[in-house]
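Dropping the sequence and predicted coords here.
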Amino acid sequence: MRAGARLLTAFALTLGCAPLAADVVVESVEAGRAAVRAGLSSGDVLVSWSGKLRRGVPGRPGRGAFSTPFDFQAAEVEEAPRGAITVTGRRANDPLALTLPVDAWGLSVRPDFQGLDLLRYTEAKGYVDAKNTAKAASLWDELAVQLESEGRLAEACWLRLKSGQALVRAKSAAEARREFAGASASAEKTGSRWIHAAVRLAEGDAFAWRDSSRTRRRASSGGSRRPT
């Protein structure tokens with residue numbers, strides 16, 4: 001962690017609160033995808049990116065910072081198809097610079113929560129792993145309300161999206177729709193068209209996954225019941 005970040009963290013914890021997340025953390029990587037080939041691992045902190053255009057691609061290479069997971073998603077969707085992307089950050093206390101080739105990146109990231117925020121986020125994630133998604137959603141929603149009160153709208157939006165996705169997988173469609181509605185409201189407050197579009201895309205993908213899962217189950221059982 002940088003010296004300034006260490007001072008900020010210590011000061012925030014003294015006050016009993018957590019500092020603003022400023023980077024993103026790799027949560028998981030998919031085997032065989034670009035992230036694995038580039039050498040990224042769970043726990044790596046990503047701070048910024050810069051692109052290198054493929055031959056024949058018009059325009060100038062982009063660059064930017066990973067302030068929230070939405071910045072990461074925008075870079076993957078809009079910039080990755082144009083050429084290789086070098087990401088910089090840190091692994092433990094060591095600097096990190098790795099290049100992602102032109103391919104599906106295959107990794108998920110979260111905000112770089114600190115202090116009590118990280119403890120609460122991790123506690124909720126444990127409930128997801130224990131199949132108690134309702135409890136996890138409740139904890140994430142409480143944290144999202146706190147983040148919104150601190151003006152951290154993008155992080156609150158991301159948490160509600162994650163909660164909605166988990167609820168869809170747990171077959172709690174009504175509760176999931178409420179979380180997605182909350183994410184949409186948070187996105188509106190950010191004023192970012194990209195974040196609002198990302199919310200709609202995530203909701204659509206979540207329910208498309210649910211519908212395809214139903215279809216596969218019916219096909220494997222030989223049933224012909226109509227979907228509810």
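Arrived safely, thanks for sending.

Tell me which residues touch Glu27, please.
The contact partners of Glu27, by CB atoms under 8 Å, 6 or more residues apart in numbering, come to 42, 107-110. C-beta: built from backbone N, CA, C; applies to glycine.

swap that for Asp129, please
Residues in contact with Asp129 (CB under 8 Å, 6+ apart): none are found.

where's it relative to Glu123, distance?
Distance of Asp129 to Glu123, given as CB to CB, to the nearest Å: 11 Å.

again with Ala187
25 Å.

For the two, work out which one has more neighbours and name it.
Ala187 (26 against 14; other CB atoms under 10 Å).

quick one: that one and Val199 touch, right?
Yes. Under the criterion of CB atoms under 8 Å, Ala187 makes contact with Val199 at 4.7 Å.

shared neighbours of these two, which are they?
Residues touching both Ala187 and Val199 (CB under 8 Å, 6+ apart): Cys157.

Okay, Gly56 and Ala202: tell me how far apart.
32 Å.

Between these two, point out the one with more neighbours.
Ala202 (19 against 5).

now that one: how far from Trp158?
Taken as CB to CB, the span from Ala202 to Trp158 is 10 Å.

Pull up the overlap in contacts between the two.
By CB under 8 Å, 6+ apart, the residues touching both Ala202 and Trp158 are Ala183.

Show the subsequent helix or strand relative to the lowest-mean-pLDDT helix or strand in the chain.
Here the helix or strand of the chain ranked lowest by mean pLDDT, DSSP states H and E is helix 3-14, holding a mean of 34. Next along the chain after helix 3-14, taking DSSP states H and E as the criterion, comes strand 24-29.

Which ones among the contacts of Glu27 lie within strands?
Within these, residues falling in strands by DSSP state E are 107-110.

any chance of those residues in JSON lines, plus distance to Ala97?
Compiled in JSON lines, the ones in strands among the contacts of Glu27 are given as follows (distance: CB to CB, whole Å):
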{"residue": "Leu107", "distance to Ala97": "16"}
{"residue": "Ser108", "distance to Ala97": "21"}
{"residue": "Val109", "distance to Ala97": "17"}
{"residue": "Arg110", "distance to Ala97": "21"}
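
give the contact list for Lys135.
Lys135 sits next to 124, 127 when contact means CB under 8 Å, 6+ apart.

Distance check, it against Glu78.
From Lys135 to Glu78 the distance is 36 Å (CB to CB).

now swap in Trp49 and tell me
On the measure of CB to CB, Trp49 and Glu78 end up 11 Å apart.

and these two? which has more neighbours close in?
Using other CB under 10 Å as the criterion, Trp49 and Glu78 rank with Trp49 on top: 22 against 12.
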